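> Make a model of this:
(2 chains)
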2 protein chains.
Amino acid sequence: MPPRTRTTGTAESLATKQREISISEFFTKNRHLLGFDSPAKALLTTIKEAVDNSLDACEESGNAPRIRVEIRPEKDTFKGLDLPSLADTNGNGKAKTKAGRGAPVREEIYRIVVEDNGPGILPAQVPKIFGKLLYGSKFHSLKQSRGQQGIGISAAGMYGQLTTGKPVTVYTRPGKDKPAHRLTLHLDTKKNEPVVLSDDETIWEKDHGTRVEIILTGSYKRGQHSVDTYLEQTAIANPHLHLTYVDPKGEEHIYANATEDLPAEAHEIQPHPYGVELGLLARMLKDTKCRNLSSFLKEEFCRVGVKTCDLILTTANLAPRKNPKRLVQDDIRHLLDAIAVTRIASPPTDCLSPIGEELVMAGLKSGVEAEFYTSVTRPAAVYRGNPFQVEVGLAYGGQLPGDELAKVMRFANRVPLLYQNSACAVTKSVLTSNWRSYGLQQSRGALPTGPLVILVHIASVWVPFTSESKEAVAHYPEIIKEFKLALQEAGRQLARFVKRRQREKEAAQKASYIQKYIPHIGDALQEILTLEDPEREDVITTLTDTLERSRKF
Amino acid sequence: MPPRTRTTGTAESLATKQREISISEFFTKNRHLLGFDSPAKALLTTIKEAVDNSLDACEESGNAPRIRVEIRPEKDTFKGLDLPSLADTNGNGKAKTKAGRGAPVREEIYRIVVEDNGPGILPAQVPKIFGKLLYGSKFHSLKQSRGQQGIGISAAGMYGQLTTGKPVTVYTRPGKDKPAHRLTLHLDTKKNEPVVLSDDETIWEKDHGTRVEIILTGSYKRGQHSVDTYLEQTAIANPHLHLTYVDPKGEEHIYANATEDLPAEAHEIQPHPYGVELGLLARMLKDTKCRNLSSFLKEEFCRVGVKTCDLILTTANLAPRKNPKRLVQDDIRHLLDAIAVTRIASPPTDCLSPIGEELVMAGLKSGVEAEFYTSVTRPAAVYRGNPFQVEVGLAYGGQLPGDELAKVMRFANRVPLLYQNSACAVTKSVLTSNWRSYGLQQSRGALPTGPLVILVHIASVWVPFTSESKEAVAHYPEIIKEFKLALQEAGRQLARFVKRRQREKEAAQKASYIQKYIPHIGDALQEILTLEDPEREDVITTLTDTLERSRKF
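Numbers count the residues shown, from 1 in each chain, chains lettered A, B, ... in the order given. Predicted coordinates for the structure are as follows:
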């Protein structure tokens, strides 16, 4: 046995250090997991979370969404230090470079305002929704929505509080007949609980809706990963959205809605038997209110009717009248095995609300100037028991640059994904598709080169993201397969266009030869056969007609 | 105002659906975030988490680690269904293909056993350490360790329970004078709390140590992402570890320790002032036991002595005797600004325990057969107030394949990172280094081609990973800079070797010319000058000598 040279590491001394970590402490330290790793990204993530929530709420309540987003540079409201004179005390004017290596740099401060015409929130619910991580309505519900984890908006508030110390402000009004409330709140990160600083009735010009204000340190940038790009793409994937955006310079941009119709409502479904694992099944059996196995299977799952239920129970050798709570572990295994060998219909797909081929195309047309557009909406498929559906849109030619790599726009449940493209199943699917066979150039392992924009959308009751910041889709084989099938289908349509255009180009060239040479042939014939001028013209017309007809289109 | 067509989405109806989500529910649904997305990865992650914990515990207690890892195929212990006859009831022999699209497939079941000679765990602590997510000793401690979040091993147990329903079994003995305990436990995922099924004193041949057994569905595979690769690389980065590994076939592999010395002990440090943000500072001020600002700064932070403390407080215009709990928000901002403009020494680095140039090289030599080895350990640097240190090792030539892309081995706090290489700052740093200038081939944006293995290690009190599964290092600019500097330094040493070898090759070629032609010149001279044979030999010797000397090495 080696000698114990260190006395700090005994079981007793280690035990004194063990303690519980609250989820908010965890995400404070790991905030890059939530998309708050840089000031620029924090600004984008905050707006994204607020807009996602607004869109979900409007759609759920049947209100055509009208959303207003503002980024206001915040005059430092606290009576700050006079930095120049401060620097003077240190002997020179460059305050920041005076400090040591790694000294923090003061970022700009912005007030983010997002306001919607949704159903509002009961004032009693506001604190937990905005001031507690892992609290929400969508985590346990199997239907397509943008939010799913109950982390996003409260994390944004927590980030604001961490960087500026300022509380989150929420205005909300649940209806015309109810007063509006204005609340301010903090999040107690040690306990992951909200602390309400104020809650007052207030006058608000809106009949119903919610407005959230978060003050944070951020950095406003343009380009590929910017708020501007996010909002543009949001408008493309949500043609029913009317969006007003006031940028930090105070300029107002309006994205009018392209359609009056709300997307088809997504309906909540029960879990599908194929998506259930042993541990989950055990808990469902324990928690159910059903008194017998037969009703448990039929009521707690989708696609289990009388016949399927009988088949499963016969196979598992379990009595239909058995109390679900009485199943021992072997019974549960039998039940699971029986499910696995029973043919059960795929889950219903009315829990999904894809954009649709027509609106994908309309969205692309409104956002991208090109010559050719196509779109594909695949039938719904299933991974781990969760229904999902893939859509692809392509825009080609026109004003798009022909010598650059194609641009890929990724969407999940109508939300644009701007970061982590290399980790995303969408990117992988595009890269591993053979674009040469559709008439494009493509280096091995690279995006195709050409005047092309590729839009890919996945709609699902549960999009599997690679991190809580929801920036990239995880590599489930079933999902990648659907991406590739959709890309192929759209690619073949593109190929037809690219090839037809090539033929037309060649044909135009031939036509120009005919126009050029036939008159000369006419002249020659006139001379040889001594024709009159009208006769010569007849010959030219006949020749042109014949040749035109003989060219194969 | 648009008509309300949907009655489901009122503030009231939405409120009824809002609820808290426990962290264990969250990670059950998002278990790919923890590295349990596929059965093969789940097997690896489970072993990784257990071995990480064992190594940390052994090092903390000063025990030279002796660890045993077993993967035992588990005979399905429950009285399972007789599947063939079951299939017969459905009419044919192919039970699995009978089921519908997306039906689950039964995976293999393994019992994972990891046993160490560490300090053991107090039996009272076992349930929370193995049966509660976000519970541990390392989250709040600033020193280098493999574990940091208190999620890993309990998540592995949760995965086992979810897929097989079996509890986690833990044997532990805190010392020779204390009895060993055997506990079995479950995790209540709804509450994120442990449920102890049994806790008994037991006989164990070990004087001290811990043994954990988890039964899970998994898939054992070989190759780049396998348990075998992980254990091999763990041995490379931990030359003090004696590891016994019994693979699923029952074959025993022994990785003997290459050194008797434990790594230098890492010491816990206080946070550095530059790494503190407003929110954190506010909480530290609230929680401190110090009675005045001056002692608060000196005791709760590292690198703040009397002089620095005075400078900060003078700049912030705050009295040293002021009670930390009395600071209002403006004061806190002043304090933070004052810290930012004060020059403060970098944090101490005894919280780190790098492998060291010598042992990096020894590790590479034991694991990789090559011709040339080099290694670089950079001085410590700082990101967001956290000290970190980068090491690089290169192995070149010999048996390594010359026409393939270089192989990159990534390590964080001595733990091999096998997945998500494209998302990792290490990969980015290697890709964006210019390997051509070191005499290697490299396509743009690709790894260099040649007989090369690149080892990169980051040691830090807090490694910023891109996800909870700790598979890739986040792209902090300070960290990427250090990676690149270390790669450059090692690359230059490699370049010297590659160039010398090239010169030697050319020289050898010249020498062979001399050997080939000088005898003929000798013959010719003999004929022209009619020399005797010994004279001819003299001439040849003289010529050879002269030419050899004139060649420049």
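> mind giving me the domain split of chain A?
Structural domains annotated on chain A: A:23-76+A:106-255, A:273-340, A:357-498, A:503-550, as defined by automatic domain parsing.
> What helix or strand is the residue in the stretch 251-400 of chain A that chain B sits nearest to located in?
Of all residues in the stretch 251-400 of chain A, A:Gly279 sits closest to chain B, at 3.3 Å by C-beta to the nearest C-beta. Any C-beta I mention is one placed from the backbone N, CA and C, and that applies to glycine too. According to DSSP states H and E, A:Gly279 maps onto helix A:278-287.
> any residues touching that helix, and which ones?
A:276, A:296, A:300, A:324-325, A:327, A:329, A:332-333, A:335-336, B:28, B:161-165, B:189-190 (C-beta atoms under 8 Å, 6 or more residues apart in numbering or on different chains).
> circling back to that earlier point, okay, the domains of chain A in CSV with mean pLDDT next?
Output for the domains of chain A, formatted as CSV (pLDDT from 0 to 100):
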stretch, mean pLDDT
domain A:23-76+A:106-255, 92
domain A:273-340, 93
domain A:357-498, 92
domain A:503-550, 80
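> Ok, which of those domains comes nearest B:His242?
Of all these, domain A:23-76+A:106-255 sits nearest to B:His242, with 33.3 Å by C-beta to C-beta.
> OK, contacts around A:Gly147?
So A:Gly147 contacts A:Glu49, A:Asp52, A:Asn53, A:Asp56, A:Gly136, A:Lys138 (C-beta under 8 Å, 6+ apart).
> The fifth one: neighbour count?
By other C-beta atoms under 10 Å in any protein chain shown, 26 other residues sit near A:Gly136.
> Skipping its backbone neighbours, what lies nearest it in space?
The spatially closest residue to A:Gly136, leaving aside those adjacent along the chain, is A:Gly150, at 2.7 Å (C-beta to C-beta, 6 or more residues apart in numbering or on different chains).
> That neighbour falls within a helix, correct?
No: read with DSSP: H, G, I helix; E, B strand; the rest coil, A:Gly150 is coil and lies in no helix.
> May I see the domains of chain A organised as JSON lines, with distance to B:Arg222 added?
Output for the domains of chain A, formatted as JSON lines (distance: least, C-beta to C-beta, whole Å):
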{"stretch": "domain A:23-76+A:106-255", "distance to B:Arg222": "31"}
{"stretch": "domain A:273-340", "distance to B:Arg222": "26"}
{"stretch": "domain A:357-498", "distance to B:Arg222": "20"}
{"stretch": "domain A:503-550", "distance to B:Arg222": "51"}
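> who wins for proximity to B:Ala180 among these?
That would be domain A:273-340 among the domains of chain A, by C-beta to C-beta, at 27.3 Å.
> so which of the contacts of A:Gly147 comes closest to B:Asp177?
Checking the contacts of A:Gly147 one by one against B:Asp177 (C-beta to C-beta), the nearest turns out to be A:Gly136, at 50.9 Å.
> unless I'm mixing things up, that closest one is touching B:Ile21, no?
Yes: counting by C-beta atoms under 8 Å, B:Ile21 is a contact partner of A:Gly136 at 7.0 Å.
> okay, and the common contacts of these two?
A:Gln149, A:Gly150.
> Would you tell me what helix or strand A:Arg365 is located in?
I think there's a mix-up here, since residue A:365 is Lys and not Arg. Element membership of A:Lys365 [criterion: DSSP H and E] is helix A:357-367.
> oh, I was asking about A:Glu70
strand A:66-73.
> just A:Gln493 next, same as before
Going by DSSP H and E, A:Gln493 is in helix A:477-529.
> Heading C-terminal from that helix, find the next helix or strand.
Sequence-wise, the next helix or strand downstream of helix A:477-529 (DSSP H and E) is helix A:533-550.
> List the buried residues in that following helix.
The neighbour-count check on helix A:533-550 (16 or more other C-beta atoms under 10 Å in any protein chain shown) flags A:Arg536, A:Val539, A:Ile540, A:Leu543, A:Thr544 as buried.
> do stretch A:336-355 as well
Result for stretch A:336-355 [16+ other C-beta under 10 Å]: buried residues A:336-342, A:344, A:346-347, A:349-355.
> How about it and chain B, touching?
Yes: residues of stretch A:336-355 contacting chain B under C-beta under 8 Å from any C-beta of the partner chain: A:Leu336, A:Asp337, A:Ala338, A:Ile339, A:Ala340, A:Val341, A:Thr342, A:Arg343, A:Ile344, A:Ala345, A:Ser346.
> quick one, phi psi at A:Ser433?
The phi/psi pair for A:Ser433 (degrees, to the nearest 10) reads phi -80, psi 150.
> Give me the contact status of the helix or strand containing A:Lys41 with chain B.
Here A:Lys41 sits within helix A:39-61, counting by DSSP H and E. Yes: contact of helix A:39-61 with chain B (C-beta under 8 Å from any C-beta) involves A:Ala57, A:Glu59, A:Glu60, A:Ser61.
> Just to check, the second one is in contact with A:Leu241?
So that's A:Glu59. No: assessed by C-beta under 8 Å, A:Glu59 is found out of contact with A:Leu241, at 9.7 Å.
> A:Ser353 versus the closest residue to A:Pro119 other than its chain neighbours, what's the distance?
Spatial nearest neighbour of A:Pro119, excluding adjacent residues (C-beta to C-beta, 6+ apart): A:Ser61 at 3.8 Å. Distance of A:Ser61 to A:Ser353, given as C-beta to C-beta, to the nearest Å: 15 Å.
> Skip ahead from the helix holding A:Gly279 and say which helix or strand is next.
Next helix or strand after helix A:278-287 toward the C-terminus (DSSP H and E): helix A:293-300.
> Which secondary structure elements does that following helix sit against?
helix A:278-287, helix A:306-316 (3 or more C-beta pairs under 8 Å, 6 or more residues apart in numbering or on different chains; DSSP states H and E).
> can I get the ones you listed in TSV with distance to A:Val426 and mean neighbour count?
Formatted as TSV, those follow (distance: least, C-beta to C-beta, whole Å; neighbours: other C-beta atoms under 10 Å in any protein chain shown):
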stretch	distance to A:Val426	mean neighbour count
helix A:278-287	28	17
helix A:306-316	35	18
